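Chemist: pasted the sequence and its predicted model underneath.
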Amino acid sequence: MFGLSTIDLVVIVVYFVVIIGIGIRSMLRIKNQEDFFLGGRKFGKIVQIFATFGQATSSDTGPSVGTATFNNGAAGVWANLLMLFSTPLFWFIGPWYRRMRCTTLADFYTERFTSKGLGRMYAIISSIGLGILLSLGFITIIKTVSVMTPKTYEEFTFGEKEEYGQAERMRVLEAKDFTTLDAPELKELTYLRQLQPEKSFSHINKYWLVFIIVVIVAGYSMMGGLEAAFLSDLIQGVFIIFLSIMLVPFAIMAINDKYGDTGVMGALTRMHDNLPESFFEIFGSPYSLDFTWYYIAALSIMAIINTCAQANTFVTPSAAKDEYSARVGLTFGSYLKRITTVLWGFTALLIVFLYADEITDPDKIWGYASFKLLGSVNMGLVGLMIASLMAALMSTAATLMITTSGLLTNNVYRPYFPNKSERHYVAIGRILGSLVIVAAAGITLLNDNLFQIMKLWWEFGVIFSAGFWMGILWRKTSRLSVKVSIISTFLVFFGIPILINLINPDIKEDLYFLKTTSEKFEIRTYFAKESDVESRKQEIAAWKTDHIGDRPEELIVGQEFVKKFKLPSKSIFWSTGIKIDKEGKPVGTGMINPELLLLDKMGFALENNSYSLNETLRILIRMSFPFLLIILISSIFPRKEDEEYNIKRFYAKMKTQVGETKEEDEMKLEWSYAHMTDCNETKLFGPDSNWEFTRWDRTDGVGFIAACGFVLVVLALLYFLVNLGG
């Protein structure tokens, strides 16, 4: 059925029975809002680690590494390791979340700035962002399941056969050296690359698959609350780690069967011999020249700033039984994801080596490899892979749904409908939480490009992140400045660009807005491998037929040679690039980048910059804008009187360690509120400073050094695995 064996279907059904059982069990234990939204704040270090890991990973994480590796070689892993260098900061941020003692992160905005309206604003905007995040998981599971339930060529429709033929033609053209292509072939290749025809088609209808996933995920998440989410995170953690290594032995056997080698090292050596040396460059690969060091640095800074202000990041550490569990869980749960990402990258190298020529959509490489490698065994492993991806999606969806429930129930619904019973608010929370799943489904149907949605999610948090950081670290931050910052940032970078598309759709075809960067060339020197020799033979054969240019020189294995790489021109103003419409005309897609439009109008020749430089400038402007607004407005307009007293209480609370019991914690808070000036003695720049940086204690220092050491461990593991067999 649907291209799956009976045993695969049995594995999937058994998995769902177990997960639904967890949801029902947890539902029967829910008595109040804290049980539903925060699981009673009773989770220790082990559960916190796996919950953080589960919350940080979804069904998109492994396949997205496959996508990036398909496009960029080993260097593509950086698309999922951007947070590596900033992860040690989680050692300090975990206690922040727990010391807030809030149900949702919107409560922080309400309390810190004495504004329920600001809390509502954050809750609504953040819920939209969570829908974007969840759509990543939806896109991956749909593409993966689709490619794991394929039609045969004989089952293709007429239109599907025509598209398959276009994909094959693109593969043939891409196999040639671009310098040997004549003008019509270059034009055809450009057209096909923008068209991106498919080679595989599924038995399963995309819309029905989305509907089924929505029903399953929403039903499970609405039942069990955060306890069910965390328990499924434990299961997911085992599944995800297993998933990370499950394909490796099968891929190694497939390589050995194809090339006649033996053993693990035989397969890895074959992979290194048959792929260009440039494919294994972790830093500065010519396949990812747009991922320059300054672009990666800008993305890393943006990632830590935005991630810490996201409501879903807050949920797990805020549900810890104490702040030490919160900091251990947030830090080392995140490192568990980094290590698993490296394993995914290693797996991706193997499957890209095997199947890169057989598929055109990079988002489908993981599912295609799973079907090819696991399906022939007929042991239910394809079903297990689908169950693993569903486990990842469901646990993440459950956490995001509960986060949305808490935001909309406590910060939007409850202020208008107060004094209701706990059961009433839990019921409303279940209903409101389902909105994030519906939103994710809608986004998935509108845009199923994994990297584009991931990029939108990276940047969406800029709307409210400045208010979070400045609200904690700078005492002078005012309510007015944060409101202006959130509204202005949303309008300038998201609202107005969307309105421009709606009001003037012809702008997508305007030649000025279709400007692109100039084509760039990169020359590298390598020692020839078997793949280079074979590629050169094909170039010589093509030259003998076409006689275009000079005859390429023959290569032998080990010979030093020069290779020229071409970086394609890319759109300057459109967020998701330029594509070819049905009439064959180039059109801009996504939203206008207002930052780059402003720079271009000021006279900067952006077309002469590399794509990475333009993107770095855009990110720096987008990050800086809300911070500068807050500093400017807070400096000009003083805070209101009603803010002053609450600010003192807020910072007193943030400097009070969480007690081991609820009663002890309340006693500590009462003392701090009665001695608010004494709480300022731990400030790094003195008790009278407006900056709230705190002096480190032994736990801070030792933990941070250990966390920094883990960065080196992850880098060493990445280098070792990528070069194994080389």
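Modeler: Structure's in. What do you need? From a predicted model like this one, the values you see are computed outputs, not experimental measurements.

Chemist: helices and strands of this protein: which one bottoms out on pLDDT?
Modeler: Among the secondary structure pieces of the chain, namely its helices and strands, helix 33-38 has the lowest mean (mean pLDDT, DSSP states H and E), a mean of 48.

Chemist: after that helix comes which helix or strand?
Modeler: Counting by DSSP states H and E, the next helix or strand C-terminal to helix 33-38 is helix 45-56.

Chemist: elements contacting the very next helix or strand once past that following helix?
Modeler: Towards the C-terminus, the helix or strand next in line after helix 45-56, according to DSSP H and E, is helix 61-72. Counting contacts by 3 or more C-beta pairs under 8 Å, 6 or more residues apart in numbering; DSSP states H and E, helix 61-72 is packed against helix 116-147, helix 206-259, helix 323-355, helix 365-375, helix 450-460. C-beta: built from backbone N, CA, C; applies to glycine.

Chemist: packing partners of whichever helix or strand comes after helix 61-72?
Modeler: Stepping forward along the backbone from helix 61-72, the first helix or strand reached (DSSP H and E) is helix 90-100. Contact analysis of helix 90-100 by 3+ C-beta pairs under 8 Å, 6+ apart lists helix 311-318, helix 323-355, helix 641-654, helix 698-723 as its packing neighbours.

Chemist: helix 90-100 to helix 311-318, inter-axis angle?
Modeler: With axes from the mean of the first three to the mean of the last three C-alpha atoms, to 10 degrees applied, the angle from helix 90-100 to helix 311-318 works out at 80 degrees.

Chemist: redo the helices and strands packed on helix 90-100 as JSON lines? Include mean neighbour count.
Modeler: Compiled in JSON lines, those are given as follows (neighbours: other C-beta atoms under 10 Å):
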{"stretch": "helix 311-318", "mean neighbour count": "26"}
{"stretch": "helix 323-355", "mean neighbour count": "24"}
{"stretch": "helix 641-654", "mean neighbour count": "16"}
{"stretch": "helix 698-723", "mean neighbour count": "15"}
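
Chemist: out of these, which gets nearest to residue 15?
Modeler: The minimum distance between residue 15 and those falls on helix 323-355, with 20.0 Å, by C-beta to C-beta.

Chemist: how far off centre is the one helix or strand residue 106 maps to?
Modeler: Counting by DSSP H and E, the secondary-structure element that holds residue 106 is helix 105-112. A distance of 26 Å separates the C-alpha centroid of helix 105-112 from that of its chain, computed with C-alpha atoms, centre = their mean, to the nearest Å.

Chemist: mean confidence for that helix?
Modeler: For helix 105-112, mean pLDDT rounds to 92.

Chemist: what's the angle from that helix to helix 116-147?
Modeler: The directions of helix 105-112 and helix 116-147 differ by 160 degrees, with the same axes, to 10 degrees as the criterion.

Chemist: could you give the angle of helix 105-112 to helix 641-654?
Modeler: Here helix 105-112 runs at an angle of 120 degrees relative to helix 641-654 (the same axes, to 10 degrees).

Chemist: what residues does helix 105-112 touch?
Modeler: Identification of contacts with helix 105-112 by C-beta atoms under 8 Å, 6 or more residues apart in numbering yields 100, 102, 115-116, 118-123, 126, 309-311, 314, 407, 410-411, 464, 467-468, 471-472, 482, 646-647, 650.

Chemist: can you turn the buried part of the residues you listed into a ChimeraX selection?
Modeler: To isolate the buried members of those in ChimeraX, using 16 or more other C-beta atoms under 10 Å:
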select :100,102,115,116,118,119,120,121,122,123,126,309,310,311,314,407,410,411,464,467,468,471,472,482,647,650
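
Chemist: make TSV from the helices and strands packed on helix 61-72 and add distance to residue 559 to it.
Modeler: Supplementary listing: these in TSV, determined by distance: least, C-beta to C-beta, whole Å:
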stretch	distance to residue 559
helix 116-147	39
helix 206-259	22
helix 323-355	22
helix 365-375	31
helix 450-460	36
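
Chemist: and these: which comes nearest residue 611?
Modeler: Comparing the helices and strands packed on helix 61-72 by their distance to residue 611 (C-beta to C-beta), the top pick is helix 450-460, with 12.8 Å.

Chemist: what helices or strands is that closest one leaning on?
Modeler: Using 3+ C-beta pairs under 8 Å, 6+ apart as the contact definition, the elements that helix 450-460 packs against are helix 61-72, helix 116-147, helix 293-307.

Chemist: between it and helix 116-147, how big is the angle?
Modeler: Between helix 450-460 and helix 116-147, the angle comes out at 170 degrees (the same axes, to 10 degrees).

Chemist: tell me the average confidence for the helix or strand just after helix 450-460?
Modeler: Beyond helix 450-460 in the direction of the C-terminus, DSSP H and E gives the next helix or strand as helix 462-473. In this model, helix 462-473 has a mean pLDDT of 94.

Chemist: contacts for helix 462-473, please.
Modeler: Here helix 462-473 makes contact (C-beta under 8 Å, 6+ apart) with 96, 105, 108-109, 112-113, 118, 122, 125-126, 129, 302, 305-306, 308-309, 477, 481-482, 485-486, 489-490, 493-494, 622-623, 625-627, 629-631, 634, 654, 691-693.

Chemist: on the three-state scheme, residue 685 is what?
Modeler: Under the three-state scheme (DSSP: H, G, I helix; E, B strand; the rest coil), residue 685 adopts coil.
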